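Novice: Kindly return the folded structure for what I paste below:
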Amino acid sequence: MTSPDPDWQRWYDAHAARLLLYARQWLPERADAEDAVQAGFVKFWRSRAAPEAADVPLLFTAVRTAALDLAKARRRRTGREQRAADTAPTAWWDGDTLAERERADAVARAIAALPPEQREPVVLRIWGGLTFAEAARTLDENINTVAARYRAALTRLRHLLPETCHEPD
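Specialist: Take a look at the predicted model:
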């Protein structure tokens, strides 16, 4: 990898702070604004042989376009996520009462305490809705191994969770 052309490096250093401030008009998160500055600068850099003072407005235009594109993409993604959340049934971990949320936290902590080879079959079976055969294919394991790990995980969860989290037998 070669080092950047010193002219371009100086040019970037001279304009980066102003470009970041400009991009933050549309992207309040600093990291997003930095991404837009980088994307805009790279696009501008690829279109020029060498930087010239007369090109500064074009650089700002490139950053503006990158910032607006990123802001639009964020809005679209947020809209899709909100529509999905609005149509999804309430998940067990989004309880309405304090007791439900505490129970969900206890279950999440217990699942996190499982070793990965036991946690995966539980998550795939219970939340993924996969059969043992499908879970075995996903994990590239023997179906009997997956079933045994699942049973071992349930036994361990019974010991890790308070009685109030157990389902009746």
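Novice: could you point out where this structure is predicted with low confidence?
Specialist: Applying pLDDT under 70 to the chain flags the ranges 1-4, 85, 88-96, 164-169.
Novice: quick one: buried residues of the lengthiest helix in the chain?
Specialist: When the chain is parsed with DSSP state H, its longest helix is helix 56-87. Neighbour counts over helix 56-87 (16 or more other CB atoms under 10 Å) mark 59, 60, 62, 63, 64, 66, 67, 70, 71 as buried. Where you see a C-beta, it was placed from the backbone N, CA and C, and this is true even at glycine.
Novice: Mind listing what's buried along the helix or strand sitting right after that helix along the chain?
Specialist: As assigned by DSSP states H and E, the chain's next helix or strand after helix 56-87 is helix 98-113. For helix 98-113, a neighbour-count test (16+ other CB under 10 Å) marks 103, 104, 107, 110, 111 as buried.
Novice: try stretch 136-154
Specialist: By 16+ other CB under 10 Å, the buried positions in stretch 136-154 come out as 136, 139, 141, 146, 147, 149, 150, 152, 153.
Novice: Go through the residues you listed and flag which are in helices.
Specialist: Those of those lying in helices (DSSP H): 136, 139, 146, 147, 149, 150, 152, 153.
Novice: With distance to residue 31 added, can I get the residues you listed in a markdown table?
Specialist: Output for those, formatted as a markdown table (distance: CB to CB, whole Å):
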| residue | distance to residue 31 |
| --- | --- |
| 136 | 40 |
| 139 | 35 |
| 146 | 39 |
| 147 | 44 |
| 149 | 39 |
| 150 | 40 |
| 152 | 42 |
| 153 | 37 |
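Novice: Tell me the one of the residues you listed nearest residue 22?
Specialist: residue 139 (48.7 Å; CB to CB).
Novice: Cool, thanks, signing off.
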